[in-house]
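Q: Take a look and give me a structure for this.
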Amino acid sequence: MPSDVVIRARSLSVGYGGEPVCAPVTFTVRAGDALALVGANGSGKSTILRAVLGLLEPSGGELSVLGRPVDEREAIFRAEVSSVLDDDAYFPALTVAEHLLLTARGHGVDDATGLAAELLAEFGLSSHANVLPVSLSSGQRRRLLLAAGFARPRRLLVLDEPEQRLDQQMRSALAERLRAERAAGGSVLLATHDPVLLEAVASRAVLVGDEQSVLMSPADAARAIGAETLGGGDEAAPTAVAAGAPGPAGAASGRTASGATTTPKGQSAQAGQSAQQGGSGKRRRRP
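A: Residues are numbered from 1 along each chain as shown. Here you go, the predicted structure:
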């Protein structure tokens, strides 16, 4: 595997209890890339992120991160992969500043105090440096978690809907920060519902769906978000037609009319696997 490949997924299937939550996905993330996962709420984006982070065992296909099988227990994996998921995971007894200092010092940052001060200012938390997270608003806690994600060395940054609970000014600042991450050779894998953030940051995107998952350009993915109102709820199911509808021939060839590659429903790394896994072939919605 080339040394610049950070994530390689081939016919990756994820789910719970042996039941897949979405069509298999195939993608490669290299150094300096940013890949965005888009799709309706519950389409499986977060489940894919959890598999990449080693928090969930894939149910099929192939997955490697930094050239190795995923094992979040490995010290080298923890040293090179930073993540911010959609939860409020914080230490209730530590102040905002102490969170950032602990993260930076724990990962061997030379000037942990300086980096913490820089991140407090960048994420608009300087005036809250000495308060406990419980005293923050939900948006401020989200900013704290994002700041902590940047408070450590990393080759790969994994973000689950980082735009959530951020105002437009902070979303723009986040986009600038992620562009700088790419320019420095870092890689980003994010799930997002924000078409503006997607186009500003991503080099490619995957539209995650029940029937097939489609690799497409950021512009096509942004249009798909707008056309399908993907952030509108679990019932706003994504389709592969938003970026240029394939007819039956396009579906068979694995390409949409716009040139996007697809992974059809039921495809996996094992030849001959039934396209109707789990009986009816219906996918169970998960975040």
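Q: How much space separates the residue nearest to residue 113 when sequence neighbours are not counted from residue 10?
A: Excluding its sequence neighbours, the residue lying closest to residue 113 (C-beta to C-beta, 6 or more residues apart in numbering) is residue 101, at 6.8 Å. The C-beta positions use only the backbone N, C-alpha and C, and glycine is treated the same way. Separation of residue 101 from residue 10 (C-beta to C-beta, to the nearest Å) stands at 40 Å.
Q: quick one: which of these two has more around it?
A: Of the pair residue 101 and residue 10, residue 101 is the one with more neighbours under other C-beta atoms under 10 Å, namely 19 against 16.
Q: Surely the more buried one forms part of a helix?
A: Yes - assessed with DSSP: H, G, I helix; E, B strand; the rest coil, residue 101 lies in a helix.
Q: Contacts only, for it.
A: 112-113, 116 (C-beta atoms under 8 Å, 6 or more residues apart in numbering).
Q: so how far is stretch 98-110 from its chain's centroid?
A: In this view, stretch 98-110 has its centroid 24 Å away from the chain centroid, taken as C-alpha atoms, centre = their mean, to the nearest Å.
Q: my bad, should have said stretch 97-105
A: 24 Å.
Q: buried ones in that stretch?
A: Burial within stretch 97-105, assessed by neighbour count using 16 or more other C-beta atoms under 10 Å, is assigned to 97, 99-105.
Q: between the contacts of residue 101, which has the most around it?
A: residue 116 (26 neighbours).
Q: Who's the closest spatial neighbour of that one, skipping the chain neighbours?
A: That would be residue 100: by C-beta to C-beta, 6+ apart, it lies 3.9 Å from residue 116.
Q: Same question for residue 43.
A: Of all residues not flanking residue 43 in the chain, residue 208 sits nearest, at 4.8 Å (C-beta to C-beta, 6+ apart).
Q: need the contact list for the one you found.
A: Applying C-beta under 8 Å, 6+ apart to residue 208 gives the contacts 22-23, 25, 37-39, 43-45, 48, 238.
Q: Please export the C-alpha coordinates of the one helix or strand residue 215 maps to as PDB.
A: Per DSSP states H and E, residue 215 falls inside strand 212-216. Extracted C-alpha coordinates of strand 212-216, given in PDB (Å, rounded to 0.1, in the frame of the first residue of the first chain):
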ATOM      1  CA  GLN A 212     -26.000   2.000  -3.100                       C
ATOM      2  CA  SER A 213     -23.200   4.300  -1.900                       C
ATOM      3  CA  VAL A 214     -21.900   6.800  -4.500                       C
ATOM      4  CA  LEU A 215     -18.500   8.300  -4.700                       C
ATOM      5  CA  MET A 216     -18.900  11.800  -6.100                       C
END
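Q: tell me the average confidence for the following helix or strand past it?
A: Next along the chain after strand 212-216, taking DSSP H and E as the criterion, comes helix 218-228. Computed over helix 218-228, the mean pLDDT rounds to 87.
Q: how about helix 218-228: buried residues?
A: For helix 218-228, the neighbour count (16+ other C-beta under 10 Å) marks 218, 220-225, 228 as buried.
Q: Throw the contacts of residue 101 into JSON lines and include pLDDT and secondary structure, thanks.
A: Shown next, in JSON lines, are the contacts of residue 101 (pLDDT from 0 to 100; DSSP: H, G, I helix; E, B strand; the rest coil):
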{"residue": "112", "pLDDT": "98", "secondary structure": "helix"}
{"residue": "113", "pLDDT": "98", "secondary structure": "helix"}
{"residue": "116", "pLDDT": "98", "secondary structure": "helix"}
